[in-house]
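Undergrad: No sequence on hand, only this structure:
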């Protein structure tokens, strides 16, 4: 007889809550002319003709008496700003940068020999700083009180350092760092006679999203950056951009200056703001984890009907969200 032991798995009602939340979020992925989008009218724009069955035509009393997943989807979709753009021309099949212009950009990840990697960073920075046709973009972002600070420093030959600072509310770290990269690229491309751009960041995984054609919640940023890079590459066949990974824990001088700037702001939101799609998804995940802790960790049945597995530090294993996909 085979006996299977389950360690603190998420209860079925929380599984169902997760699936139900994902169902609501899926509504934001539908094209604008989809019948469900027409009914819930999440964009609230006047460009589309209101559907005869639109929820906007219901009175508050009718809405209160109607039990429908579409009502819940409509309520949830009005809490966040979707950044999907699956039908953008930049993501058309075999028209992406990676299909035709892959020789114009490169990625340099952190190697096992960190000293050699930092030495290469020093060399590329020195060479680019002394080249009138090169520009260096060092970007980072941090979040405090749900307010993200995205900063980019743009270094160019014989020019003062350009500092780009932006704030956003209720976004994830990946979104904030990708936005910092976007602002840095925009500024570097606008400098006359620039042919070579070096992007230095601790979020190389975010930068790679620029060239992904698959569906992901950062497509608005990716499409904007992709369009600018496409124009930059077409101006001159010698134009080129490099993305370098700079580990934040190595205190590399130029990156440390940017990192220090991102942490120098202590802001608090004054008005309620909508959430980004990814941030809203992460909030749902955190809510489910909290409920799981309350329902299982303090249960009298813990340790009797379930085995409590421990990690390397002898702490009980808990549910977690995988990086890049904040679902359990």
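TA: Now that the structure is in, tell me what you want to look at. Predicted, not measured: the structure shown is a model, and the values here were computed from it.

Undergrad: Work out for me the element residue 283 sits within.
TA: Using DSSP states H and E, residue 283 sits in helix 277-292.

Undergrad: What is the neighbour count of the closest residue in space to residue 196 that isn't next to it in sequence?
TA: With C-beta to C-beta, 6 or more residues apart in numbering as the criterion, residue 196 has its nearest non-adjacent residue at 4.2 Å, and that residue is residue 134. Any C-beta I mention is one placed from the backbone N, CA and C, and that applies to glycine too. Applying other C-beta atoms under 10 Å, we find 23 residues neighbouring residue 134.

Undergrad: Relative to residue 203, how far out is residue 134?
TA: Distance, residue 134 to residue 203, by C-beta to C-beta, to the nearest Å: 22 Å.

Undergrad: Residue 128 too?
TA: Residue 128 is 20 Å from residue 203, by C-beta to C-beta.

Undergrad: Ok, residue 211 next?
TA: Residue 211 is 14 Å from residue 203, where distance means C-beta to C-beta.

Undergrad: before we move on, what about residue 254?
TA: According to C-beta to C-beta, residue 254 stands 16 Å off from residue 203.

Undergrad: the more surrounded of these two?
TA: Set side by side, residue 254 and residue 203 show more neighbours around residue 203, with 22 against 18, by other C-beta under 10 Å.

Undergrad: ok so, going back, and the helix holding residue 283, what does it pack onto?
TA: helix 12-26, strand 80-81, helix 173-190 (3 or more C-beta pairs under 8 Å, 6 or more residues apart in numbering; DSSP states H and E).

Undergrad: what ranges do the helices span in this protein?
TA: For the chain, the helices defined by DSSP state H occupy 12-26, 35-40, 60-65, 69-77, 97-100, 114-129, 173-190, 204-208, 219-235, 253-262, 277-292.

Undergrad: what's the closest of those helices to residue 142?
TA: Taking C-beta to C-beta, helix 253-262 is the member of those nearest to residue 142, at 4.1 Å.

Undergrad: got the contact list for that closest one?
TA: 125, 136, 138-142, 149-153, 155, 163, 165, 200, 202, 246, 248 (C-beta atoms under 8 Å, 6 or more residues apart in numbering).

Undergrad: Now, of those residues, which are buried?
TA: 125, 136, 138-142, 149-153, 155, 200, 202, 246 (16 or more other C-beta atoms under 10 Å).

Undergrad: Mind picking the two most distant members of these?
TA: Greatest spacing in the buried ones among the contacts of helix 253-262, by C-beta to C-beta: 125 and 149 (23.4 Å).

Undergrad: So, low pLDDT: which residues of the protein?
TA: Along the chain, segments meeting pLDDT under 70 span 1-15, 17-33, 35-58, 62-88, 93-94, 271-272, 295-311, 315-328.

Undergrad: how about a cut-off of 80?
TA: The chain contains residues with pLDDT under 80 at 1-96, 98-100, 111, 213-217, 268-278, 280-328.

Undergrad: Break it down into its structural domains.
TA: The record's domain parsing of the chain by automatic domain parsing lists 1-79+274-328, 89-262.

Undergrad: Please measure how far the first residue of stretch 163-175 sits from its last one.
TA: 19 Å (C-alpha to C-alpha, to the nearest Å).

Undergrad: Report the buried residues of it.
TA: 164, 168-175.

Undergrad: between these, which is closest to residue 207?
TA: For these, the nearest to residue 207 is residue 174 (10.4 Å; C-beta to C-beta).

Undergrad: so who does the closest one touch?
TA: By C-beta under 8 Å, 6+ apart, the contact set of residue 174 is 203, 205-206, 209, 218, 278, 324.

Undergrad: next one: residue 127
TA: Residue 127 neighbours (C-beta under 8 Å, 6+ apart): residue 134.

Undergrad: For residue 222, see how far away it is.
TA: Distance of residue 127 to residue 222, computed by C-beta to C-beta: 29 Å.

Undergrad: Same question for residue 259.
TA: On the measure of C-beta to C-beta, residue 259 and residue 222 end up 24 Å apart.

Undergrad: Looking at those two, which is more packed in?
TA: Neighbours were counted for residue 259 and for residue 222 using other C-beta under 10 Å; residue 222 has more, 26 against 20.

Undergrad: hang on, the more buried one packs against residue 214?
TA: No: here residue 222 lies out of contact with residue 214, judged by C-beta atoms under 8 Å, at a distance of 10.3 Å.

Undergrad: Mind listing residues that contact stretch 235-246?
TA: Around stretch 235-246, the neighbours that count as contacts under C-beta under 8 Å, 6+ apart are 104-110, 117, 120-121, 124, 138, 185, 195-202, 204, 207-208, 229, 232-233, 252, 255.

Undergrad: and what of stretch 204-213?
TA: 91, 93, 96-98, 105, 107, 109, 174, 177-178, 181, 199, 201, 216, 218, 221-222, 225-226, 229, 243-245, 324.
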